[in-house]
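> Show me how the following folds:
(2 chains)
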Number of protein chains: 2
Amino acid sequence: MRVTIIGAAGMIGRKLAERIAATGQIGGAPVYAMTLVDVIEPDVAPDFKGKRTLLAADLADAGVATRVIADRPEIIVHLAAIVSGEAEADCAKGYRVNLDGTRALLEAIQAVEGYCPRVIYASSLAVFGAPFPDRIPDTHHLTPLTSYGTQKAMGEMMLNDYSRRGFLDGIGIRFPTICIRPGKPNKAASSFFSGILREPLNGQEAILPVEDTVRHWFASPRAAVGYIEHAATMDTAPLGAQRCMTMPGVTATVAEQIEALRVVAGDAAVALIKRAPDPAVASIVAGWPRNFDTARANAAGFVAETSFQEIIAVYLEDEMGQPAQTGTAPLRP
Amino acid sequence: MRVTIIGAAGMIGRKLAERIAATGQIGGAPVYAMTLVDVIEPDVAPDFKGKRTLLAADLADAGVATRVIADRPEIIVHLAAIVSGEAEADCAKGYRVNLDGTRALLEAIQAVEGYCPRVIYASSLAVFGAPFPDRIPDTHHLTPLTSYGTQKAMGEMMLNDYSRRGFLDGIGIRFPTICIRPGKPNKAASSFFSGILREPLNGQEAILPVEDTVRHWFASPRAAVGYIEHAATMDTAPLGAQRCMTMPGVTATVAEQIEALRVVAGDAAVALIKRAPDPAVASIVAGWPRNFDTARANAAGFVAETSFQEIIAVYLEDEMGQPAQTGTAPLRP
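Next comes the predicted model:
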């Protein structure tokens, strides 16, 4: 198998490349070549035993998509995007990177006679927009309320169409909010969801800008990589013409996050969370989805954590080097 | 008011231009300039009293969209598209005309500082794909099963996004199947819906290729023009971020169409309908929607006929020069 990861310098792309390097396979299929693409050279997974090709390029630039698929990878993982805030601030850039980049890839694939790779497309919960039911089913209509969500939804539609026409074999993955993100806080409105756990686990104070009744949809970075591994080799026939799905995850309130932290790390850790209500953040988060019915993804075999304690355990194991705890890490037994 | 009609050589574009020429206004607002655009020069509505500009150009070509809005029309009606069959046969052409053309228009508008025209975008029932409920609500998810439907849905999303951002003031109109289309039969799978009425009304035989239990969603050409006239000046604030709607229409089976024909034109007309089942047409039509709940469009003030007899009466008046019959033409009292 040849695997190409576009957006390999990002958090999930890097973890996926490292996982492939560590196991020598993806979704049970041996991987002998990996092309890693990003706008900066993604020098990740240096220990990969197979052929590793690094490419610094912008998918939306003329000719880049054709170069990216030059070795006819059987599996293409398209993670490259600019995020919600940037797509809102710079409209043209958002459409260029998130829509044109995706389209360039799909069209480059279509242009190669007899080539029909598996294309795994990173989509987002942002394809949904309020008002929605408390539990959003797979059949809920897409009414994005950001340019980012619009661009992701347009990409989903094109992926469906190109799959239906047999130009490629696409799967669109709507990722939950990834938690606990390793590293530093960032300026995303969602940053606190990781911060209120990560910082206390590292003995540092964290700011909680919203009420602890706020509910959202989560999975670990490990689960995120697991979705892609599963999507790489699963049978797509049962998906029919609708190739995009919300991934399974854990619905939790901030209060439930904090209680999970208390179980794992005690009251001292919880005491490091400082409440500092920020109406701006609260207002953004109020428009976010809370819970999903992921029947299609479940039936297709996608899995995630089933409790917030598990999500924290994954962080302790994967980022802090703690040994696996019984019953907490079902994704990598 | 300056009005620009893109796709002015098509059936609806031509009727709209003629209507504006005849009344001197659109949606109650006086029209003093009309720019008519199509890939062939749309020499229609020659009697228009205001300034009439004809432009033969392809919206997807570089620079055309900028020329189309050069006089800063307050109202832009974008009807230009290639149809379903052609978009399926020529994938690249479909994306170019139906998606790139639309996007070029929206981006050209965005590029003009302080300009925020009303943009009326012709969408389609093809944004919906089976399986669907017998009566499709406005909240039904878009799962197009053709490239044409995909391109129209992508255009809807971009129209919503650009409206939300304040670049333009968009309304997306999902037209019912227009019946009775004037003129000759064409190769569209839907052609017979008009043919089985139009040909008998003109004393000619017509072929019915499907069972008469087939049900579909219809409105007259006059209603189609009426949607656009209403959209031109209506208040868009109540629409919020979701600017695209299925238009009201008449749900009818083929049997109901035929009974309406019998009431209007008698048994002799009905006897001109010859049954010649065509499994290919039957199979295509089986995947089409049957009925809609158009609550949003109704609330927004859009209207259509309420019976098939009315739809036939509109044809008799508008295409065969018969006088209006009491109670049959509510759209133009």
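> from what I can see A:Arg174 touches A:Asp138, true?
No. Contact criterion C-beta atoms under 8 Å: A:Arg174 and A:Asp138 do not qualify, at 9.7 Å. For every residue, glycine as well, the C-beta is placed using N, CA and C.
> joint contacts of those two?
A:Met245, A:Thr246 (C-beta atoms under 8 Å, 6 or more residues apart in numbering or on different chains).
> Settle it for me: which of the two has more neighbours?
Comparing A:Arg174 with A:Asp138 by other C-beta atoms under 10 Å in any protein chain shown, the one with more neighbours is A:Arg174, at 25 against 17.
> for the more buried one, helix, strand, or coil?
Classification of A:Arg174 by DSSP: H, G, I helix; E, B strand; the rest coil places it in strand.
> Quick one: name the residues of the stretch 1-150 of chain A near chain B.
By C-beta under 8 Å from any C-beta of the partner chain, the part of the stretch 1-150 of chain A that sits against chain B consists of A:Cys91, A:Gln110, A:Gly129, A:Thr139, A:His140, A:His141, A:Leu142, A:Thr143, A:Pro144, A:Leu145, A:Ser147, A:Thr150.
> Please check these and keep the buried ones.
The neighbour-count criterion (16 or more other C-beta atoms under 10 Å in any protein chain shown) marks A:Cys91, A:Gln110, A:Gly129, A:His140, A:His141, A:Leu142, A:Thr143, A:Pro144, A:Leu145, A:Ser147, A:Thr150 among the residues of the stretch 1-150 of chain A next to chain B as buried.
> Now, those residues that are in helices?
A:Cys91, A:Gln110, A:Ser147, A:Thr150 (DSSP state H).
> Mind telling me what element A:Gly166 is part of?
Using DSSP states H and E, A:Gly166 sits in no helix or strand.
> From the structure, what's the count of residues near it?
Around A:Gly166 there are 9 residues (other C-beta under 10 Å).
> Does chain B have contacts with the lowest-mean-pLDDT helix or strand in chain A?
Here the helix or strand of chain A ranked lowest by mean pLDDT, DSSP states H and E is helix A:279-286, holding a mean of 89. No. Helix A:279-286 lies out of reach of chain B by C-beta under 8 Å from any C-beta, never closer than 15.1 Å.
> Packing partners of the very next helix or strand once past that helix?
Once the chain leaves helix A:279-286, the next helix or strand it forms, by DSSP H and E, is strand A:291-292. Applying 3 or more C-beta pairs under 8 Å, 6 or more residues apart in numbering or on different chains; DSSP states H and E, one finds that strand A:291-292 makes contact with strand A:135-136, strand A:215-219.
> Do you know the pLDDT at the residue nearest to A:Arg72 when sequence neighbours are not counted?
Distance criterion C-beta to C-beta, 6 or more residues apart in numbering or on different chains; nearest residue to A:Arg72, sequence neighbours excluded, is A:Tyr115 at 5.9 Å. With respect to pLDDT, A:Tyr115 scores 98.
> Quick check: A:Tyr115 vs chain B, distance?
Distance, A:Tyr115 to chain B, using C-beta to the nearest C-beta, to the nearest Å: 15 Å.
> mind listing what that residue touches?
A:Ile69, A:Arg72, A:Ile109.
> Check which helix or strand the second one maps to.
In this case it means A:Arg72. Applying DSSP H and E, one finds A:Arg72 in no helix or strand.
> Could you work out the end-to-end span of stretch A:71-85 for me?
34 Å (C-alpha to C-alpha, to the nearest Å).
> Ignore what I typed, I meant stretch A:187-196.
14 Å.
> before we move on, what about stretch A:270-287?
Span of stretch A:270-287 from end to end, C-alpha to C-alpha: 27 Å.
> Determine which two of the ones in helices among the buried ones among the residues of the stretch 1-150 of chain A next to chain B are furthest apart.
A:Cys91 and A:Gln110 (27.0 Å; C-beta to C-beta).
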